[in-house]
Each structure stands twice: as structure tokens, then as C-alpha cells.
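[1] here is the input, now give the coordinates:
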Amino acid sequence: MKKRAVVIDSLADMPPYFETMLPVKIVHFKVYIDGKEYSDGKTISKEDYYKLATKTMDLRTSYPPPEETLNIYRELEEEGVEEVLALHLPEKMSGFWQSFKKVVDKVKLKVKAFDVRSVSVGSGMVNTKMIELFEKGASFEELEKKFWDIRKRMLLQFSVSSLKFLIKNGRIGKAKGLIGTLMNILPVLTVDDEGEVSPLGKVRGKRRVIDKMVKNIIDFASGRSIEFVIGWGTDEMKERAMSIKEKVFEALGNKVVKFGEIRVSPTVASHTGPDVFGCSIYVL
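    Here you go, the predicted model:
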């Protein structure tokens, strides 16, 4: 078998239980805190980011310069890799894809790229399943046939205390109809099949938003076994994510095959604002 590797980006929060023998490289997006640049996961950790970033600060992101992405692929060439599975954020959320396509034209590697139509713990779930198949020897053609089944088995949900970061950073997507309606109202959001932020509902109060997410999980699972991951930004949001965990285990405990908890990446938190929490499930 040809030597293989995987490239993902820093918007993907991989489940803590994720394991692979394949080399995995990360495209580190840039985050800016009041104008100061950091490389997500490289020059700033999640812990340091949340110590610095607050909901009153100017938080922005950008994709890395093309030469940084090219260096990743040059390294893989030097390591003797022949085939690369690239799994990246939605094209509708970033200009990264235009840069990426120019980069892969400059290398001799055979690269198959997928827009996973999700972020954070959602893309982490999709990435995990795609990498598992790739490691077992699935061809690029087989992965292409499997992708949408994998994507449609995953449900991502998240909520924020304010839409201002999604609006300011141009990531509001199909949730723009919620603007101006959120006085004491919390949205339940997802990233849809087209790769855009989209509303799943809106409720009054944090307890009800948690109950809404749990109900959506129960309905989506429809009695089947699941993998389940929660994520949060600030410490305050961790409590809400843990409430989702407790309620899901109460309702579906015997159906949860794998579980993980993780802090949301700085890149994602800079899009949504640090006051973010959510979860993802994958139906087996």
C-alpha cells in the first residue's frame, strides 16, 4: 500500500478518543486578539487563549499564508508520503480553499480534499470517520462515496450568548434572521449540509436551550447507538456543556458507545465569541 497521511485544520476539535497510526498534519489558522497575531495550536494554546480573550475584545481570524500550507505538503513529500487525505472547514466560511487549491498544484502528492461542512466537534466527528476508512485502505473513490453518509450521520449543535462575533466576522450564514430577536433569547445553531451556520431553534433561557439540544439528540439518534462529544469555550460555558452531558446520559446512557469532552479551538471561538458551548453526536 502507498504511504498515506492526513491534513486537517485548527477548526476541527478532534474527539479525545481519536487514534490513528497515520501521520496527521495541522494547518494552523491565525487568530488575532486586539490585533495581536497568534497561530492556533502553535504559538498559543487553548488555555492561554481563554486567559487572554474576552467577549469585549476584538477577535478575528485568517487562514495562514500559502507558504505555510505548502511547507506542510513539502514535509510530507520528504517523508515519502504518496497519498494525502485533506479534511477542511466549509468553503463558504473562508477564502482558505482558493489558497489551498493553488498549493496542491505545486506538489507531486496525490491529494483528495473534502469540505467537511462542519467545524469544531462536528468536523472532529466527520474527520475521525473519514480517517478510520482511509487508514483501513479505502480508496479516494470509496471515500467520496461514503462521505455524505458519514456527514448525514453527524449532528452538530452549539449556542452563543451573542451573535455579534458571527455577524462581525461574516459567519452568520442562514442565522441572520435571528438578528434583533435575541433579547433574553438563546439560539440553537448548527452548520448545515451547505457549510453555513443555520438555526435549529431559539428558546428563552439557558436551561431551555440545553433541553432543546438534548431533545434534538434524542430525536436524531432515534434509538440507535451514538458517539457523543461536548465542547465549550469559557469556563462559564463548561457548566452548560456538562449539563448536556448529564441529560444525554440520563436519557441515552446505554446507547453512548464513545464519549469525549473538549475545549473549543481558538479559531472557532474567535468566530463565535468565547462564550460558546455545544455538542456533536454520530449515529452508528
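[2] does the lengthiest helix in the chain pack against any helices or strands, and if so which?
    Secondary structure of the chain per DSSP state H: the longest helix is helix 235-252. Helices and strands touching helix 235-252, by 3 or more Cβ pairs under 8 Å, 6 or more residues apart in numbering; DSSP states H and E, are helix 206-221, strand 226-232, strand 256-263, strand 276-283. Every residue, glycine included, has its C-beta placed from N, CA and C.
[3] which one of those lies nearest to Val111?
    Closest approach to Val111 among the helices and strands packed on helix 235-252 (Cβ to Cβ): strand 276-283, 25.2 Å.
[4] show me what the closest one is packed up against.
    If contacts are counted by 3+ Cβ pairs under 8 Å, 6+ apart, strand 276-283 sits against helix 120-135, strand 154-160, helix 206-221, strand 226-232, helix 235-252.
[5] dump the ones you listed into TSV; add mean neighbour count and mean pLDDT as well.
    Compiled in TSV, the helices and strands packed on strand 276-283 are given as follows (neighbours: other Cβ atoms under 10 Å; pLDDT from 0 to 100):
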stretch	mean neighbour count	mean pLDDT
helix 120-135	24	98
strand 154-160	25	96
helix 206-221	18	95
strand 226-232	25	98
helix 235-252	17	97
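[6] out of these, flag the one nearest Ala53.
    With Cβ to Cβ as the criterion, Ala53 lies closest to helix 235-252 of those, at 12.3 Å.
[7] contact partners for Val24?
    Ala5, Val6, Val7, Ile8, Ile131 (Cβ atoms under 8 Å, 6 or more residues apart in numbering).
[8] hmm, try it at 7 Å
    Residues near Val24 by Cβ atoms under 7 Å, 6 or more residues apart in numbering: Val6, Ile8.
[9] confidence score at it?
    Val24 carries a pLDDT score of 98 in this model.
[10] show me the contacts for the closest residue in space to Ala12 that isn't next to it in sequence.
    Excluding its sequence neighbours, the residue lying closest to Ala12 (Cβ to Cβ, 6 or more residues apart in numbering) is Ser123, at 4.2 Å. By Cβ under 7 Å, 6+ apart, the residues touching Ser123 are Leu11, Ala12, Leu89, Val116.
[11] picking that back up, distance to Lys51 added to the helices and strands packed on strand 276-283, as a markdown table?
    Shown next, in a markdown table, are the helices and strands packed on strand 276-283 (distance: least, Cβ to Cβ, whole Å):
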| stretch | distance to Lys51 |
| --- | --- |
| helix 120-135 | 20 |
| strand 154-160 | 20 |
| helix 206-221 | 24 |
| strand 226-232 | 15 |
| helix 235-252 | 10 |
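[12] thought Leu156 was touching Asp192?
    No - using Cβ atoms under 7 Å, Leu156 is not in contact with Asp192, being 9.5 Å away.
[13] what sits up against stretch 151-170?
    By Cβ under 7 Å, 6+ apart, stretch 151-170 touches 59-60, 117-118, 121-122, 125-126, 172, 175, 178-179, 182, 186-191, 193, 197, 200, 209, 213, 216-217, 220, 271-273, 275-283.
[14] just the CA coordinates of that stretch, formatted as PDB?
    Extracted in PDB, the C-alpha atoms of stretch 151-170 (Å, rounded to 0.1, in the frame of the first residue of the first chain):
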ATOM      1  CA  ARG A 151     -21.800  13.700   7.200                       C
ATOM      2  CA  LYS A 152     -25.500  12.900   7.500                       C
ATOM      3  CA  ARG A 153     -25.000  10.700  10.500                       C
ATOM      4  CA  MET A 154     -23.500  13.600  12.400                       C
ATOM      5  CA  LEU A 155     -25.400  16.300  14.300                       C
ATOM      6  CA  LEU A 156     -23.600  19.400  15.500                       C
ATOM      7  CA  GLN A 157     -25.300  21.900  17.800                       C
ATOM      8  CA  PHE A 158     -24.000  25.000  19.500                       C
ATOM      9  CA  SER A 159     -25.200  28.100  21.200                       C
ATOM     10  CA  VAL A 160     -23.700  31.600  21.900                       C
ATOM     11  CA  SER A 161     -24.500  34.300  24.300                       C
ATOM     12  CA  SER A 162     -24.400  36.900  21.500                       C
ATOM     13  CA  LEU A 163     -24.500  36.800  17.700                       C
ATOM     14  CA  LYS A 164     -22.200  39.800  17.400                       C
ATOM     15  CA  PHE A 165     -19.000  37.800  16.700                       C
ATOM     16  CA  LEU A 166     -20.700  35.700  14.000                       C
ATOM     17  CA  ILE A 167     -22.100  38.900  12.400                       C
ATOM     18  CA  LYS A 168     -18.800  40.900  12.700                       C
ATOM     19  CA  ASN A 169     -16.700  38.000  11.200                       C
ATOM     20  CA  GLY A 170     -19.200  37.300   8.400                       C
END
